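Output the structure for:
(2 chains)
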Amino acid sequence: MKAFLIDVTKCVGCHACQIGCKDEHCDNDWAPYAAPQPEVGQFWLKVNQYERGGNSHVRVAYIPTLCNHCENAPCMKAAKNGAVYRREDGLVLIDPVKAKGQKKIVEACPYHVVYWNEELQIPQKCTGCAHLLDGNHPISVPRCVDNCHVDVITFGEEADLDLEGTEVLHPEWGTKPRVFYKGLPKKFIAGTVYDPVAEEVVIGAAVTVSGEAGTYAAVTNDWGDFTVDGLPEADWTVTIEKDGKQTSFSVSTKEKDQGLPDIALA
Amino acid sequence: MKEVKTTLQSIACGGTGGDITAVDSVDGKIVRIRPINYLDTYTADELEPAMWKLEAGGEILTPGYKSAPNYFALAYKNRVYSKNRVKYPLKRVDWEPGGDPAKINAANRGKSKFVRISWEEALDIMESELKRIIETYGPHSVLTIGEDGHRESKDLHSGGGMHSTVMDKLGGYTRETRTPDSVEGWYWGAKHFWGAGSQKGLGMPAPPQQDYNSWHVAKDITENTEMIAFAAGDLELTQNYGSQFWSRLIKFWEKVGKEFVVIDPFCNYTAACHPTMKWIPILPNTDAALDFAVMYVWITEGLYDADYIATHSVGFEKVKAYVLGEDEEGIAKTPAWASERCGVPVWTIKAYARNRAKKVTSSVHFSSGAIKGPYSHEPGRTHAYLLGMQGLGKPGVQQMFMNSATIGKETIAATTCSPFTMLNKCRMFYPSAQSIPRTMIAEALLNGQAKWWGSPCIVFVETAEQFQEMNYPGDPQAALAMAQAMAAYMGVEPPTEAPRLNKFHMLWSEKPCNQNCWDGGFRYQDAIRTNEVEFFVTNHQWLENDSLFADLVLPVTTVLEENDAVGGSMIISIRHACLTPAACDRVGESKSDYEIGLELGDRFGFREQLDMGMSEEEWFKFGFEQSRLPEEITWEEYSKRGFYFPKQDPNADSVLPGMRGFYLDPENWPLDTPTGKLEFWSEALATTFPDDFERTPMAKWIVGGPKSEGWYHDESLWGERCKQFPLLVVANPARFRVHVQGDDIKWFREIETCKVKGPDGYLYEPIWMNPADAEARGITDGDIVKLFNERGTILLGARVSDRVVKGAVMVHKGSRVDPIAEHLDRGGAINLISPENQVSKYCKGFAVTGYLVEAAKVTGEEYAGWKADYPEAFERDYDPAIGINYNSWVVE
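Residues are numbered from 1 along each chain as shown, chains lettered A, B, ... in the order given. Purely as a prediction, here's the structure:
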């Protein structure tokens, strides 16, 4: 059974995967696998961008998302006439002929990765570039995979992929996705610690982030910076300490990451 | 299944190609554009001699077997089949040939629309207008714009300069000199510190003893550098010029433990995606203040290489006195002093200084930031001073830049950037009896005269050339003397008669984006709208920018429609020679620049002087035979395989990296400065321009001042204008464009950070604003914002973001112009409001970032007013998917 593995820690946000998907499917008719994707407005693969943090501690997370080719696919259940089917290799496809008029297929997907083609009156989504996999084309892998130059997206037999420590999106929905993610962002707290009297950054200060969700530790680096990453969404007390000086304050990662204003350790 | 034809292409926005792409097509139509796997054509054993290697900490990086085309190239189907393509020759509806002010309707340029005409009619106009202009004023009254081909990568079909070749046969032309864009600060500043530099003139360091080539800089950094400072450089963005390989290089450097610091007003695309980056937000164009404070820390704490300074430099005492406040000015450039100016906290300035001193540091620069602002010679020099104080050339202390970014060294390589084959020498910079810098065309048209110093050609210009006064209109006797000197050099009969020089009255552009790529765009529009310009013709693929102001637009093929031979040789993963046959049918009636030249050659009877009587295939073979490729591969083998990677030089390691020779042995590896050393104080500047208080003999903190006192700029937060325009704009190249190219790519435009959809459904160019600045102006995400100064107003869409430092706004350069009225534009082309008066008095490069503006939310009332006053602008056809387009400007 095929699966996608997406390592978001490697993603540089170039969107070449998204462009490759468009290049393959817009204005190209791959019947019976898929009808052409409209030139704009549909994203069979979409890179979502999340701006994180604040002040001088800002990052952007890029997360490519596509059809999860779920084992337990709600779209298949919503479809009539077997308009959505699973191939032997596990890819879930929408038959563009049988699916005509079946808007429920769009509505059934909790991930919102099925799109409605108003002109053709059909639901459309990622096919895993099944037409390429089946041969007689210059390449035989999905275009998003072929276009990625930093190996963020890999595709293959599930058994051949290193799925250790991966997650799927919204496992609680019970859809059993076949797109696995490595390094999905959690929350971070980051800051720069300085001595207001000496006007120097404080190097080697012990930073403790603690709350009901656990306790995390870090040490400020050569820039006086610390980053505590991988935090759950929770309320925290941050304590910073060096040479008998200490400061303590509360922050929350319930809503967002915390890129803090510079912190005086007096 | 229909037969798929696959061709190889080398798609990039500049002259030297990108990583190789494969273009699959069926029945003359493009199906897909994708990376290629070299192993489909060559075996690993065959490729082995061509594969460079970088090694550090037991890790090895190679180019790999798969190309990494820039994402611009991967979206190129959108460019070829853009709704904005010029399909047929177009003539402006209310312009007539003949130069009669009553019939050219100059003031309507950029307002009136176009009609389709036949090629026959278009060539008739070209022929008759060229004859008329030459007869009336002489051939030098034709200004040829865009000789450098700063757009697609072509070779035979020429990416620029074919018009100059044609004019050369007609007796001459006025040459538009490409100013040193993207390297301004190095060119006007650092050249006086470390010499002419790369390509004998760019201004980034390169040893004269290696023909001005800095080889192995990435290797030296990989092996010896501990910290990489990105000052004025955003690799993740700028690499889109040719390849996405640089992401892999950064990842490799991360893996082997390099540290990184990014100093930028914007948390740029490199800083945002790599978790190892330390971002130091700084106010735009205040880098010199930060650098002086770093020097202060180093000097007061003894953290610089004093021995090196003693043996490798002159004039350091003067800089030292200035920094310590021990000069006439008496102001110590302490971290506190700098912090007030650049906005970086005192403690972070100190940490930056100490980290740079403690860790072996190289600097990476890729054409952004302060290096392109007003008085860019100051940060250009202070950046260079820092490298000098750390022992430039020492293991791991280098500057990496576009032309020194080549990894490995091929046996048959001529330079770090030149292609392995060259056919049509259109792109070469011909000398001309009369010239004008690209930055001064508007001044020449509006004032009838211009004065500048230096050619100022971007490459192959020695530093001392900047001391030479030049004038427009040109001096016929000086032109004669130059022609005679050239004849003597070439051993041919010298001319005896001085050329007939006049002002130019015809503009012919093969790169119609001056108002958007260069400075003072609104003023350029004003100049084009005068009767001085009797005829303005552009050759271009897309109906945009300067073409909207043209009288005649000739449709040009894209690189994918032409049979050509273009290799890639700059900022790509592995350099190559490549044959690039046409991938698809032509769009409309387009012809290549070369073919347009040949058509005119037929009209004037000199076609054979242009095509040399050769077919395309003969040209490619000729180019191959002229090159050094036959030393390694036969024509038969090369044309069968379609591309070739030249072998790595087995003796490559004997070539010293970057500036190492100068570091090891300054006596035998002198710089080409007057003293052969690093000149912290330039006696040449002191002697030549004693009155220059903007670019003094050494770098200073220059903020400018009022025009009445002789200042060229008041574009800082310490003058008068900032009271009216309190924000500093950062105008870096765009993430999802290359310069002005690709603003019509549908698949980019729908990316959420590419454009901002206004309440009117128009996709505005984003203005990135810090939440505090936005809030102070009542601006929220998605609002239509007007950004303005005395030079005009452009409309943008608000993107409120923590990625931009408070006090600055960021607008990516290069969104297409969409004129509403004079000095009012909806397209968001930031260069329309950039300064009009260049870097400084003696430095006529552009200043296109780090200048003053103010932003305000556009009210409903104001918007309705514009709509009522300029209905035709708001009624033009608009397709959000691609924006303004062919239908917006062509009447049936």
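
which one is residue 208 nearest to, not counting chain neighbours?
I'll assume chain A. Spatial nearest neighbour of residue A:208, excluding adjacent residues (Cβ to Cβ, 6 or more residues apart in numbering or on different chains): residue A:239 at 4.6 Å. To be clear about C-beta, it is placed using only N, CA and C from the backbone, and glycine gets the same treatment.

Sorry, I should have been clearer: chain B.
residue B:672 (4.8 Å).

can you list the residues of the stretch 701-850 of chain B near chain A?
Residues of the stretch 701-850 of chain B found near chain A (Cβ under 8 Å from any Cβ of the partner chain) are B:736, B:746, B:747, B:748, B:749, B:750, B:751, B:752, B:753, B:801, B:802, B:803.

List the contacts of the third one.
Right, the one you point to is residue B:747. A:18, A:19, A:22, A:23, A:26, A:40, B:75, B:78 (Cβ atoms under 8 Å, 6 or more residues apart in numbering or on different chains).

List the residues that contact the second one.
When you say that, I think you mean residue A:19. Contacts for residue A:19 (Cβ under 8 Å, 6+ apart) come out as A:147, B:71, B:74, B:75, B:747, B:748.

Out of these, grab the one that's most surrounded.
With neighbours taken as other Cβ atoms under 10 Å in any protein chain shown, the top of the contacts of residue A:19 is residue B:74, carrying 30 neighbours.

how close does that one sit to chain A?
5 Å (Cβ to the nearest Cβ, to the nearest Å).

Nearest residue to that residue in space, please, no chain neighbours.
Nearest residue to residue B:74 in three dimensions, chain neighbours excluded: residue A:19, at 5.1 Å (Cβ to Cβ, 6+ apart).

pLDDT on whichever strand or helix holds the one you found, on average?
Using DSSP states H and E, residue A:19 sits in helix A:16-25. Helix A:16-25 carries an average pLDDT of 98.

Buried only: go through the residues of the stretch 701-850 of chain B next to chain A for me.
Among these, those classed as buried by 16 or more other Cβ atoms under 10 Å in any protein chain shown are B:736, B:746, B:747, B:748, B:749, B:750, B:751, B:753, B:801, B:802, B:803.

What are the neighbouring residues in contact with residue 222?
Since no chain was named, I'll use chain A. Counting by Cβ under 8 Å, 6+ apart, residue A:222 touches A:201, A:203, B:351, B:354, B:355, B:358.

The intended chain is chain B.
B:54, B:55, B:56, B:61, B:252, B:253, B:256.

Tell me the secondary structure at the residue nearest the centre of chain A.
What sits nearest the mean C-alpha location of chain A, by Cα atoms, centre = their mean, is residue A:63, with 3.1 Å. With DSSP: H, G, I helix; E, B strand; the rest coil as the basis, the three-state label of residue A:63 is strand.

so what's it scoring on pLDDT?
We have a pLDDT of 98 for residue A:63.

any idea which element the nearest residue to residue B:82 once chain neighbours are set aside lies in?
Nearest non-adjacent residue to residue B:82, counting by Cβ to Cβ, 6+ apart: residue B:744, 4.9 Å away. According to DSSP H and E, residue B:744 maps onto no helix or strand at all.
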